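# give me coordinates for this.
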Amino acid sequence: MNIIVTGRQIEVTPALKNYAEKKIKKIKRYLSNITEAVVTLDVQKYRHKVEVLLKVNGVLIQAEGTTGDVYSSIDGVVDKLERQIKKYKEKLVSHRKTEGKASAAAAEIPDTAEVGRIIKNKRFELKPMSPDEAVMQMELLDKDFFIFTNDNSGDINVIYRRKDGNFGLIEPIK
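Model prediction:
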């Protein structure tokens, strides 16, 4: 597993890098096929934010944590990742029983802080998947919506989380 530790407005000391790498390596006991882990450390005033993005067989698992101490933020993110991985593995097993092997693609949704301006642009590959797999990928990324190619129709669809906790699917009309 390739672990990349970067810092925004913080100098990544060897001790901090070693601590983050040691914690991320512990995740391998839950999921052995992690190809890359990107750890981003960020400081904003007195808040230490840690974001981790794991790449696993074409699936992205993302978590972030914010506390007053960078070390406790790393611990919190690792706990979140462990919970997400357990949830992912449970869903993967249930999908295999019903539909066959699940395969998912990754999507990063642009963050828009200001109305009317595009401040971030992400490009990603759309792999065909079922709406159920798209819901699983959306939950792993902890996003409110997810864009994917529907494996049945071949069209681009959007799955989103409704206010009542259910999910909605947007499909184009031909």
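# the nearest residue to Glu64 once chain neighbours are set aside bridge partners, please.
Of all residues not flanking Glu64 in the chain, Glu51 sits nearest, at 4.3 Å (C-beta to C-beta, 6 or more residues apart in numbering). Every residue, glycine included, has its C-beta placed from N, CA and C. Beta bridges link Glu51 to Thr40, Glu64, judged by DSSP bridges.
# Glu51 and Gly154, how far apart?
As judged by C-beta to C-beta, to the nearest Å, Glu51 and Gly154 stand 33 Å apart.
# more neighbours: those two, which one.
Per other C-beta atoms under 10 Å, whichever of Glu51 and Gly154 has more neighbours is Glu51, with 18 against 8.
# the more buried one contacts Lys80, doesn't it?
No. If you go by C-beta atoms under 8 Å, Glu51 and Lys80 don't touch, sitting 10.8 Å apart.
# so what sits against both of these two?
Common contacts of Glu51 and Lys80, defined by C-beta atoms under 8 Å, 6 or more residues apart in numbering, comprise Ala63, Glu64.
# residue boundaries of the helices in this structure?
Here the chain has its helices, by DSSP state H, at 14-25, 70-98, 131-141.
# how about stretch 141-152: buried residues?
Buried residues in stretch 141-152, counting neighbours by 16 or more other C-beta atoms under 10 Å, are found at Leu141, Lys143, Phe146, Ile147, Phe148, Thr149, Asn150.
# reformat those as TSV; add distance to Asn33 and pLDDT.
Formatted as TSV, the buried residues of stretch 141-152 follow (distance: C-beta to C-beta, whole Å; pLDDT from 0 to 100):
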residue	distance to Asn33	pLDDT
Leu141	18	82
Lys143	23	84
Phe146	22	89
Ile147	25	91
Phe148	22	91
Thr149	23	92
Asn150	26	91
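# take those and write them to JSON lines, including distance to Gly68.
Listed next are those as JSON lines, based on distance: C-beta to C-beta, whole Å:
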{"residue": "Leu141", "distance to Gly68": "26"}
{"residue": "Lys143", "distance to Gly68": "26"}
{"residue": "Phe146", "distance to Gly68": "32"}
{"residue": "Ile147", "distance to Gly68": "35"}
{"residue": "Phe148", "distance to Gly68": "37"}
{"residue": "Thr149", "distance to Gly68": "42"}
{"residue": "Asn150", "distance to Gly68": "44"}
